[in-house]
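**Student:** Just to be clear, the model below is a prediction. Sequence and coordinates:
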Amino acid sequence: MLIIVIAGVLIALIFDFLNGMNDAANSIATIVSTRVLSPGAAVLWAAFWNFAAFFIFGVSVAKTMGKGIIEPDVVNEYLILSALIGSVVWVYVCTHFGLPISVSHALIGGMIGPALFINGTTALISSGIFKIAIFIVLSPLIGMILGFLIMSLTLFLFRKRHPVKVEGTFKILQLFSSAVFSLGHGGNDAQKTMGIIAILLFSVAGSNEFISNNLYDIEKGFHVPGWLTITCYAVISLGTITGGWRVIKTLGDGLSKLKPIHGFSAETAGACTLIGTAVLGIPVSTTHTITGSIIGVGMTKGFASIKWKTAKKIVSAWVLTIPATMVISGIIYVILHNFIK
């Protein structure tokens, strides 16, 4: 069992790393496409603020992931391992082909699949899944509406300023908006891996003295240890530094041509959405949020300015993510349960 748990924790950290890699596009695509920072400087900037979220946010999202999706009594090390492997496979493939998917929804689908395959719908917590499902739709819509409103307000406020001066001002402001968005990303996404590892340790701590004594205190009930929190923030920051460059290109130039004023508005809209949901403990997709924000900002220039073909490809990947990871992780669970256990 201990080997399985260690393998699960390591794969979870690999997932956390890939999360940072794929979602680097969410944090830096706009600031790179507007040429405010070079790609190398941008990923370092985003990684720093991803990690800084450790000092600001609690662990409410982690708790939702850990005990708000599937019933704790059906969780075992094989289920978590299956969920993680299925999620890692899907995220890696999509990152390789430059598709900005929802990494969090890949993990959620990975958890639902094995639980549903083996225990049926009674293993699912409908209220938690409903909350997540609602925000699959709401997070891009909120981002889009806020992006459109912030961009419209910004254009109105700076309508009499010379375009060159406006661009110079927003090159500076975009540094701040990018930092705040990266804070929101770290505060939301790093916690998802924390929740998975925490529930894995909690589910087996009572039956394993080594885990209980060294990694997890079963007497405290479900909680997220401090060592786990800082580790997950560090790993997602390292993933961001590597950057999923194909995904960055898709988001930065593939949806709408952006200038610093557009980048600032999109990042501000996305940051407001992410920070609000992180505080409320709702695990949302940073990809959905920033994509909606970019589209909302682009719409101020007219519908024709949006590259709807690219948007359609991105949405198709969103729709497939949860069903795909449910199936992949479900099959992996059956294999692990029957041939390894």
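**Tutor:** Here it is on my side, so go on. Residues are numbered from 1 along each chain as shown.
**Student:** any residues touching the strand or helix carrying Thr240, and which ones?
**Tutor:** According to DSSP states H and E, Thr240 maps onto helix 226-242. For helix 226-242, contacts defined as CB atoms under 8 Å, 6 or more residues apart in numbering pick out 13, 16-21, 23-24, 27, 43-44, 46-48, 50-51, 53-54, 59, 62, 182, 186, 189-191, 193-194, 197-198. All C-beta atoms are positioned from the backbone trio N, CA, C, and that covers glycine.
**Student:** Please point out which parts of it sit buried.
**Tutor:** By neighbour count on 16 or more other CB atoms under 10 Å, the buried set for helix 226-242 is 228-229, 231-241.
**Student:** Turn those residues into a markdown table, columns for pLDDT and distance to Lys131.
**Tutor:** Converted to a markdown table, the buried residues of helix 226-242 look like this (pLDDT from 0 to 100; distance: CB to CB, whole Å):
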| residue | pLDDT | distance to Lys131 |
| --- | --- | --- |
| Leu228 | 85 | 24 |
| Thr229 | 86 | 23 |
| Thr231 | 89 | 27 |
| Cys232 | 87 | 22 |
| Tyr233 | 87 | 24 |
| Ala234 | 89 | 28 |
| Val235 | 89 | 26 |
| Ile236 | 85 | 23 |
| Ser237 | 85 | 27 |
| Leu238 | 86 | 30 |
| Gly239 | 83 | 26 |
| Thr240 | 79 | 27 |
| Ile241 | 78 | 32 |
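**Student:** still on that earlier bit, list only those of the contacts of helix 226-242 flagged as buried.
**Tutor:** When the contacts of helix 226-242 are checked against 16+ other CB under 10 Å, the ones flagged as buried are 13, 16-21, 23-24, 27, 43-44, 46-48, 50-51, 53-54, 59, 62, 182, 186, 189-191, 193-194, 197-198.
**Student:** Cross those against helices and list the overlap.
**Tutor:** 13, 16-21, 23-24, 27, 43-44, 46-48, 50-51, 62, 182, 186, 189-191, 193-194, 197-198 (DSSP state H).
**Student:** So which residues of this protein form helices?
**Tutor:** Going by DSSP H, the chain shows helices at 2-33, 39-52, 60-67, 77-96, 103-119, 126-157, 163-205, 209-214, 226-242, 245-253, 260-280, 286-299, 308-339.
**Student:** Where does pLDDT dip in this protein?
**Tutor:** 1, 22-27, 29, 66, 100, 204-223, 243-257, 340-341 (pLDDT under 70).
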